[in-house]
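1. requesting a structural model of the entry that follows:
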Amino acid sequence: MTPHPDGPELDSPGDKSSLPGSPGGPPGSPGELLRSPVLQTVSRAAVPVTIIVSLIIFNQGHNLPGGGFIGGVLAAAAGAMHLMAFGVEGAARWNWWKLSVLGLLISIMTGTVPFLLGEAFMNHTELHPHLPLIGSFHVPTAAFYDAGVYLIVVGMLMTIFVELGLENRE
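-> Here you go, the predicted model:
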């Protein structure tokens, strides 16, 4: 075992498998995953509720305070809770930054489409689609802009959370 300047001793100079929270190692060893069954149980209920609340706040943002930014922050908070409860391994397989790029493209197109149609940049209107089972409803085009902001915020925060979770494992 060699002492490590950041804390625990490592089996070899490049070995980080015995860091607390790192995968691997027998039960009870420092390398065992440090996961709380209480946090996992609470997370299974709280994450879906938080996502639903984030979507409600996103949806009300066109008429009341709320919208894409705070809805995205709540969705990312749900993601952070999931990461703390179940680990970062599953989320690390996703390229979260691509979600931000998609959101940026949606937000840019929301302003560009009216401009290309001869109207002012970011000119918003209401669409009135009719769906067979739902019926007729109104969708403000500002909802597409807010959806882009929502995706940008979720993508960026989840990228940050995943990278911070992986920081000591590389």
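2. where do the helices of the protein begin and end?
-> Applying DSSP state H to the chain gives helices spanning 37-60, 68-86, 89-92, 96-116, 142-166.
3. lowest average pLDDT across these?
-> Among these, helix 89-92 carries the lowest mean pLDDT, a mean of 86.
4. and the nearest residue in space to residue 128 that is not next to it in sequence, backbone torsions?
-> If the residues on either side of it in the chain are set aside, residue 128 comes closest to residue 138, at 5.4 Å by Cβ to Cβ, 6 or more residues apart in numbering. Every C-beta, even on glycine, is put in place using the N, C-alpha and C of the backbone. The phi and psi values for residue 138, taken as degrees, to the nearest 10, are phi -110, psi 140.
5. run a quick neighbour tally on residue 138.
-> 10 (other Cβ atoms under 10 Å).
6. test my guess that it contacts residue 130.
-> No: in this structure, residue 138 is not within contact of residue 130 by Cβ atoms under 8 Å, at 10.9 Å.
7. residues contacting the residue nearest to residue 128?
-> The neighbourhood of residue 138, defined by Cβ atoms under 8 Å, 6 or more residues apart in numbering, consists of 126-128.
8. any idea how far it is from residue 81?
-> Note on residue 138: its distance to residue 81, by Cβ to Cβ, to the nearest Å, is 34 Å.
9. and for residue 114?
-> To residue 81, residue 114 is 38 Å away according to Cβ to Cβ.
10. which non-adjacent residue is nearest residue 80?
-> Distances taken as Cβ to Cβ, 6+ apart place residue 161 nearest to residue 80, at 5.2 Å, with adjacent residues excluded.
11. sorry, slip of the keys, the one I care about is residue 123.
-> Nearest residue to residue 123, sequence neighbours excluded (Cβ to Cβ, 6+ apart): residue 114, at 4.2 Å.
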